[in-house]
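Colleague: Take this sequence and fold it.
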Amino acid sequence: MDPVIEAIRQELTAHADPEIREKSQRFFKEEVRCYGMKTATAISIAKKYWKEVNSREKQEIFRLCEELYRSGMMEEAFVVSVWAPRLADRYEPGDIAVFRHWVETYITNWATCDGLCNHAVGDYIVRYPEQVGELKGWTQSENRWMRRAAAVSLIVPAKRGMFLAEALEIADLLLTDTDDMVQKGYGWLLKEASRKHTDEVFSYVMTNKKEMPRTALRYAIELMPKDLKTEAMKKDR
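Modeller: As a prediction, the model looks like this:
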């Protein structure tokens with residue numbers, strides 16, 4: 001085991017709180033494995049050890065991330081979520097295969113999915129926008145976290161007004177998905193896109209509201225003016 005991984009695990013263990021560990025489970029439908037600590041504590045530890053690894057080669061850091069993921073512990077996944085975006089200026093086109101592998105293999109809950117995809121994968125797509133088709137492919141996966149990842153990877157760019165057409169296309173591909181984690185994921189994407197493109201997202205919602213699950217619809221219209229929300233929520237007679 002790499003000494004940095006060993007040190008991280010020792011520090012996470014030292015901060016473990018059985019009461020927080022027990023309370024953490026209530027936020028997830030699936031069983032999660034965690035040390036038990038506030039997210040801010042895990043992030044602080046991740047930042048501390050980033051200073052020790054940032055001078056290493058990118059592929060070596062990716063290997064450390066994989067070792068952290070393999071433990072199945074949520075806070076170790078949070079370390080990856082902190083480290084991976086810090087490599088953004090070193091990303092290369094082929095790195096999407098690494099992210100795909102991580103999501104397919106190690107992501108087992110919404111927190112680790114969003115932690116990796118909101119920033120690391122989102123930053124990658126901003127750097128290589130021609131690769132956005134990769135996310136569209138993820139929408140067809142049998143893995144619910146791959147499908148959620150397809151949407152939440154565009155959250156931050158969408159918030160800035162980017163990738164509107166792609167966000168709507170991903171929503172189309174996920175429109176009738178029966179998984180609530182996926183519905184919330186693409187609904188959230190539409191909500192963030194609505195910050196800069198309210199009219200376009202409202203039009204999309206009105207066009208698709210008969211098919212769109214109510215969970216996704218409520219997320220999508222959350223930031224809209226009251227009159228538009230009321231219109232969107234009307235039940236068709």
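
Colleague: Now do residue 30, the pLDDT please.
Modeller: pLDDT recorded at residue 30 is 89.

Colleague: Tell me the spacing between the closest residue to residue 122 other than its chain neighbours and residue 114.
Modeller: If the residues on either side of it in the chain are set aside, residue 122 comes closest to residue 156, at 4.6 Å by C-beta to C-beta, 6 or more residues apart in numbering. Quick note: C-beta positions are derived from backbone N, CA and C, even for glycine. Distance from residue 156 to residue 114, counting by C-beta to C-beta, to the nearest Å: 11 Å.

Colleague: Need the residues that contact stretch 197-211.
Modeller: 161, 164, 168, 171-172, 175-176, 190-191, 193-194, 212, 217, 220-221, 223-225, 228, 231-232, 236 (C-beta atoms under 8 Å, 6 or more residues apart in numbering).

Colleague: Can you flag the buried ones in those residues?
Modeller: Among the contacts of stretch 197-211, those classed as buried by 16 or more other C-beta atoms under 10 Å are 164, 168, 171, 175, 190-191, 193-194, 212, 217, 220-221, 223-224, 228, 232.

Colleague: From those, which land in helices?
Modeller: 164, 168, 171, 190-191, 193-194, 217, 220, 228, 232 (DSSP state H).

Colleague: Kindly indicate which of those lies nearest residue 140.
Modeller: residue 171 (14.4 Å; C-beta to C-beta).

Colleague: I'd say the residue nearest to residue 122 and residue 118 touch.
Modeller: Yes: if you go by C-beta atoms under 8 Å, residue 156 and residue 118 touch, sitting 5.8 Å apart.

Colleague: For residue 71, give me its contacts.
Modeller: Residue 71 neighbours (C-beta under 8 Å, 6+ apart): residue 9.

Colleague: picking that back up, and the residue nearest to residue 122, how far from residue 91?
Modeller: 15 Å.

Colleague: so what are the domain limits for this structure?
Modeller: 1-90, 112-237 (automatic domain parsing).

Colleague: so which of those domains comes closest to residue 99?
Modeller: domain 112-237 (5.2 Å).

Colleague: Now do that closest one, average pLDDT.
Modeller: The average pLDDT for domain 112-237 rounds to 96.

Colleague: just to revisit the earlier point, from the ones in helices among the buried ones among the contacts of stretch 197-211, which single one is nearest residue 77?
Modeller: Ranked by distance to residue 77 (C-beta to C-beta), these are led by residue 191 at 24.7 Å.

Colleague: Report the buried residues of the strand or helix carrying residue 83.
Modeller: Using DSSP states H and E, residue 83 sits in helix 74-83. By neighbour count on 16+ other C-beta under 10 Å, the buried set for helix 74-83 is 74-83.

Colleague: Distance check, the most centrally placed residue in the chain against residue 153.
Modeller: With distances taken as C-alpha atoms, centre = their mean, residue 114 lies nearest the centre of the chain, 2.1 Å away. Separation of residue 114 from residue 153 (C-beta to C-beta): 9 Å.

Colleague: Also residue 195?
Modeller: 17 Å.

Colleague: and of the buried ones among the contacts of stretch 197-211, the nearest to residue 39?
Modeller: residue 191 (21.8 Å).

Colleague: I figured that closest one hits residue 222, correct?
Modeller: Yes: here residue 191 lies in contact with residue 222, judged by C-beta under 8 Å, at a distance of 5.1 Å.
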